[in-house]
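Peer 1: Provide a 3D model corresponding to the input given below.
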Amino acid sequence: MRRRWFIILAVVLSSMTLLLLQLCLLAAGDFTGATSALAAPLQQAPTVTEVDPQSGPNDLDTPIVISGTGFVNGATVSLDGISLDDVEWVSSSALKATVPWGMDPRVYTLTVTNPGDQSGSLPSAFEVEPGIDVWNAGQLYGGHVEHIAINPLTTTTLYAASPQVGLFRSRDGAENWSFIHAPYAKQVAIDPITPTTIYMRSGFLLRSDDEGHNWRRLDVPGEVAYPHPTTSGTVYASGKGDNAGLWKSDNYGQTWLTVTTGLTDAQVSGLVFHPTHPLTVVVGTENGNLFRTTDGGSNWTHASQPVQYVQALAFNPFGEHELWVSDCCFCQPPVTLKSTNVDYTEWITVADPVGSTPSEYIVFPPLAWGDTYSNTIFASECWAAAYKSTDGGDNWEDFGPVTGTKDIALHPTNPDIIYTVSDWAGVTKSTDGGATWQPANNGLTAIVPVQLAADPYQPDVLYAVVDRLRDGLYKGTRGGAAWRFLEIAGGIATSVLVDPFTPDRVYVGGDWSDTGLGVYRDDGDETWPPSLSLLIRLTNAQGGRRITHSRSR
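Peer 2: Numbering: from 1, shown residues only. Okay, here's the model as predicted:
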């Protein structure tokens with residue numbers, strides 16, 4: 001029994017001795033053993049799983065949210081070693097930060113570093129896009145397009161010409177567009193045999209041999225091209241005004257011959273080739289005259305003067321190949337006619353509403369559509385409705401997506417696919433023969449703002465009043481990188497003003513059909529009620545609009 005007590009006493013004394021030894025070591029400042037015995041486990045390194053957004057322009061600060069695990073309050077964030085600003089710890093799985101403007105455009109790896117130097121990275125996490133010295137259009141798509149053309153062999157390639165902006169090309173049937181030429185594009189003509197060669201009216205005549213990548217100016221006074229339908233490289237060019245005349249080239253425009261023998265009126269406004277006799281050509285003039293040649297232009301004979309001004313001219317490829325002609329938009333009285341006799345001396349007035357309306361264009365289906373479409377014609381009033389006839393012009397029905405249709409392009413082989421362009425809606429496309437229509441403007445930046453107003457409280461927010469826009473304006477964010485259309489019911493926006501004293505308040509002046517000139521006010525909810533507290537006066541000042549207003553009582 002006494003022996004057991006001695007053993008217990010020895011164990012107790014041993015434990016006390018160890019405890020006293022540790023206390024002595026602590027008092028002496030040696031923490032190594034104590035730390036090893038008492039330290040908590042090391043923190044786990046953070047992981048980064050996502051960055052939102054994943055890109056931003058380098059001309060603006062871009063706020064981002066970083067998702068992951070193991071984030072500690074006080075963590076830092078960097079892109080390839082460049083520290084980010086305004087890092088905010090939200091939780092162990094979320095951080096906020098700001099990518100500063102001015103960084104080099106490229107793809108960066110993002111790294112989160114906790115206070116204990118543990119770090120985690122996400123490769124290719126954020127792309128800095130070019131923004132400095134780059135014009136941003138974002139979703140500001142559509143706008144003024146006057147002409148559209150389809151490559152007859154590669155039918156998914158199209159060209160859209162905007163006289164205010166330039167030339168656009170699509171490689172995927174108008175799903176996406178890219179800008180290929182500035183600053184002016186009025187009309188495009190494609191060589192039907194070698195469609196990689198295209199001609200463009202741009203104040204003078206240009207030619208590209210690689211579908212618009214590179215251009216050269218042709219040495220000819222004319223600016224409108226008419227490629228021959230069966231002989232590649234043969235092209236006619238016409239001019240008006242001081243450059244009136246007609247020229248012909250057999251080598252893609254490298255050299256030209258004047259072909260005006262018998263052409264007593266050289267103010268050519270249109271040229272068409274006979275569907276079955278390629279050497280038979282008809283030209284129309286600004287004075288309403290028609291001339292015909294049967295030898296490719298060496299000699300011309302006056303046919304008739306059926307209208308005051310030849311604006312639209314077209315052959316029907318089917319049947320008797322009647323020739324159609326229409327007056328100009330301002331001619332009085334306007335008329336659209338057709339002729340079936342070979343000399344084009346006798347004319348029949350087309351049935352209304354087209355017969356008594358100047359047609360901006362007259363288009364017939366291609367032969368590949370088949371005989372079912374032999375009596376089909378498409379025509380458009382100036383700045384107004386478009387029409388379709390299926391009985392040779394005896395009866396007409398409304399056709400197209402919008403008023404103000406400027407041009408139409410028919411698919412060379414598929415009757416279901418049709419494109420139209422207009423003064424303000426850009427390109428629209430139908431895949432069911434015109435029963436329904438969808439905008440086809442992605443990337444087509446032909447909208448031209450006539451006024452911009454920045455938000456003084458949010459420098460990256462601005463508003464744009466757009467030329468030819470019919471019923472509203474656009475709101476831009478991210479400094480104009482993204483745009484959204486704002487509907488203002490019943491109104492035509494002509495001016496916009498951001499209130500310099502009240503956040504979120506925006507005024508829009510314009511013409512409302514039921515109330516005349518007026519002002520609508522938005523207080524952030526985008527409902528645009530009428531503002532009765534303002535009197536508005538719109539005046540022309542030095543070629544622009546000026547808004548003056550006063551508070552009512």
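Peer 1: from now on I want contacts and neighbour counts done on CA atoms only, so please keep to that.
Peer 2: Will do.
Peer 1: in PDB, list the C-alpha atoms belonging to the helix or strand Leu246 falls within.
Peer 2: For Leu246, the host element (DSSP states H and E) is strand 245-249. Listed next in PDB are the C-alpha coordinates belonging to strand 245-249 (Å, rounded to 0.1, in the frame of the first residue of the first chain):
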ATOM      1  CA  GLY A 245     -22.100  60.200-119.300                       C
ATOM      2  CA  LEU A 246     -21.800  56.500-119.800                       C
ATOM      3  CA  TRP A 247     -18.600  54.400-120.000                       C
ATOM      4  CA  LYS A 248     -17.800  50.800-120.500                       C
ATOM      5  CA  SER A 249     -14.800  48.600-119.400                       C
END
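Peer 1: check contacts around the closest residue to Val235 other than its chain neighbours.
Peer 2: Of all residues not flanking Val235 in the chain, Pro227 sits nearest, at 4.2 Å (Cα to Cα, 6 or more residues apart in numbering). Residues near Pro227 by Cα atoms under 8 Å, 6 or more residues apart in numbering: Ala189, Ile190, Asp191, Pro192, Gly233, Thr234, Val235, Tyr236.
Peer 1: need these in a markdown table with distance to Leu95 and neighbour count, can you?
Peer 2: Output for the contacts of Pro227, formatted as a markdown table (distance: Cα to Cα, whole Å; neighbours: other Cα atoms under 10 Å):
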| residue | distance to Leu95 | neighbour count |
| --- | --- | --- |
| Ala189 | 55 | 23 |
| Ile190 | 55 | 25 |
| Asp191 | 58 | 25 |
| Pro192 | 59 | 20 |
| Gly233 | 63 | 19 |
| Thr234 | 66 | 17 |
| Val235 | 64 | 22 |
| Tyr236 | 66 | 26 |
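Peer 1: dump those residues to CSV, plus pLDDT.
Peer 2: Formatted as CSV, the contacts of Pro227 follow (pLDDT from 0 to 100):
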residue, pLDDT
Ala189, 96
Ile190, 96
Asp191, 96
Pro192, 95
Gly233, 95
Thr234, 96
Val235, 97
Tyr236, 97
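Peer 1: narrow those to those in strands?
Peer 2: Ala189, Ile190, Val235, Tyr236 (DSSP state E).
Peer 1: may I have stretch 501-509 as CSV, with CA atoms only?
Peer 2: The C-alpha coordinates for stretch 501-509 follow below in CSV (Å, rounded to 0.1, in the frame of the first residue of the first chain):
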residue,chain,number,x,y,z
PHE,A,501,-29.8,69.0,-59.7
THR,A,502,-32.1,65.9,-59.3
PRO,A,503,-30.6,62.4,-59.7
ASP,A,504,-32.4,60.1,-62.1
ARG,A,505,-34.5,62.8,-63.7
VAL,A,506,-34.3,63.1,-67.5
TYR,A,507,-36.3,65.3,-69.8
VAL,A,508,-37.1,64.5,-73.4
GLY,A,509,-38.5,67.1,-75.8
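Peer 1: so which bits of it are buried?
Peer 2: For stretch 501-509, the neighbour count (16 or more other Cα atoms under 10 Å) marks Asp504, Arg505, Val506, Tyr507, Val508, Gly509 as buried.
Peer 1: with stretch 375-385 instead?
Peer 2: Those would be Asn375, Thr376, Ile377, Phe378, Ala379, Ser380, Glu381, Cys382, Ala385, for stretch 375-385 by 16+ other Cα under 10 Å.
Peer 1: same check on stretch 388-399?
Peer 2: Buried, per 16+ other Cα under 10 Å, within stretch 388-399: Lys388, Ser389, Thr390, Gly392, Gly393, Trp396, Phe399.
Peer 1: circling back to that earlier point, ok, residues contacting the strand holding Leu246?
Peer 2: Outside strand 245-249, the residues that reach it (Cα under 8 Å, 6+ apart) are 220, 222, 233-239, 255-260, 266-268.
Peer 1: give the next helix or strand downstream of it.
Peer 2: strand 257-258.
Peer 1: note down every partner strand of that following strand and its orientation.
Peer 2: Strand 257-258 has these partner strands in its sheet, going by DSSP bridges: strand 245-249 (antiparallel).
Peer 1: related to what we said a few turns ago, just give me the closest of the ones in strands among the contacts of Pro227 to Asp499.
Peer 2: Distance to Asp499, by Cα to Cα, is smallest for Ala189 among those, at 48.4 Å.
Peer 1: now the closest one. Nearest residue, chain neighbours left out?
Peer 2: In space, Ala189 is closest to Tyr199, 5.1 Å off (Cα to Cα, 6+ apart).
Peer 1: mind listing what the one you found touches?
Peer 2: Residues near Tyr199 by Cα under 8 Å, 6+ apart: Val188, Ala189, Ile190, Asp191, Leu205, Leu206, Arg207, Ser208, Ala225.
Peer 1: now the last one: how far from Asp295?
Peer 2: Same thing as Ala225. Distance from Ala225 to Asp295, counting by Cα to Cα, to the nearest Å: 19 Å.
Peer 1: between those two, which is the more surrounded one?
Peer 2: Just comparing Ala225 and Asp295: by other Cα atoms under 10 Å the higher neighbour count belongs to Ala225, 27 against 13.
Peer 1: so what pLDDT did the closest residue to Ile417 other than its chain neighbours get?
Peer 2: Using Cα to Cα, 6+ apart and skipping the chain neighbours, the partner closest in space to Ile417 is Thr431 (4.6 Å). Turning to Thr431, the model gives it a pLDDT of 95.
Peer 1: equivalent analysis for the one 10 residues further on, please.
Peer 2: The per-residue pLDDT reported for Asn441 equals 92.
Peer 1: ditto for the one 10 residues further on
Peer 2: With respect to pLDDT, Gln451 scores 82.
Peer 1: likewise Leu263?
Peer 2: 94.
Peer 1: kindly report the same for Phe485.
Peer 2: 77.
Peer 1: that one and Val466 touch, don't they?
Peer 2: No. With contacts counted by Cα atoms under 8 Å, Phe485 stays clear of Val466, the gap being 10.5 Å.
Peer 1: which neighbours do those two share?
Peer 2: Leu473, Tyr474.
Peer 1: of those two, who's got more company?
Peer 2: The neighbour comparison of Phe485 against Val466 (other Cα under 10 Å) goes to Val466, with 22 against 15.
Peer 1: ok, and the closest non-adjacent residue to that one?
Peer 2: Nearest non-adjacent residue to Val466 (Cα to Cα, 6+ apart): Pro449, at 4.1 Å.
Peer 1: my understanding was that that neighbour contacts Leu462; is that so?
Peer 2: No. The criterion here is Cα under 8 Å, and Pro449 misses it with Leu462 at 11.7 Å.
Peer 1: more neighbours: which of these two?
Peer 2: Using other Cα under 10 Å, the more surrounded residue of Pro449 and Leu462 is Leu462, with 20 against 17.
Peer 1: ok, and for the helix or strand containing that one, which residues are buried?
Peer 2: According to DSSP H and E, Leu462 maps onto strand 458-466. Within strand 458-466, the residues that qualify as buried are Asp460, Val461, Leu462, Tyr463, Ala464, Val465, Val466, counting by 16+ other Cα under 10 Å.
Peer 1: between which two of the contacts of Pro227 is the distance greatest?
Peer 2: Going by Cα to Cα, the pair spanning the contacts of Pro227 furthest: Pro192 and Tyr236, at 13.7 Å.
Peer 1: what is in contact with those two at once?
Peer 2: By Cα under 8 Å, 6+ apart, the residues touching both Pro192 and Tyr236 are Pro227, His228.
Peer 1: tally of neighbours for the residue lying closest to Pro366 once chain neighbours are set aside?
Peer 2: Excluding the flanking residues, the one nearest Pro366 by Cα to Cα, 6+ apart is Pro412, at 6.2 Å. By other Cα under 10 Å, 19 other residues sit near Pro412.
Peer 1: break the chain down into its domains, please.
Peer 2: What automatic domain parsing lists as the domains of the chain is 2-38, 47-129, 136-181+420-447, 182-419, 449-551.
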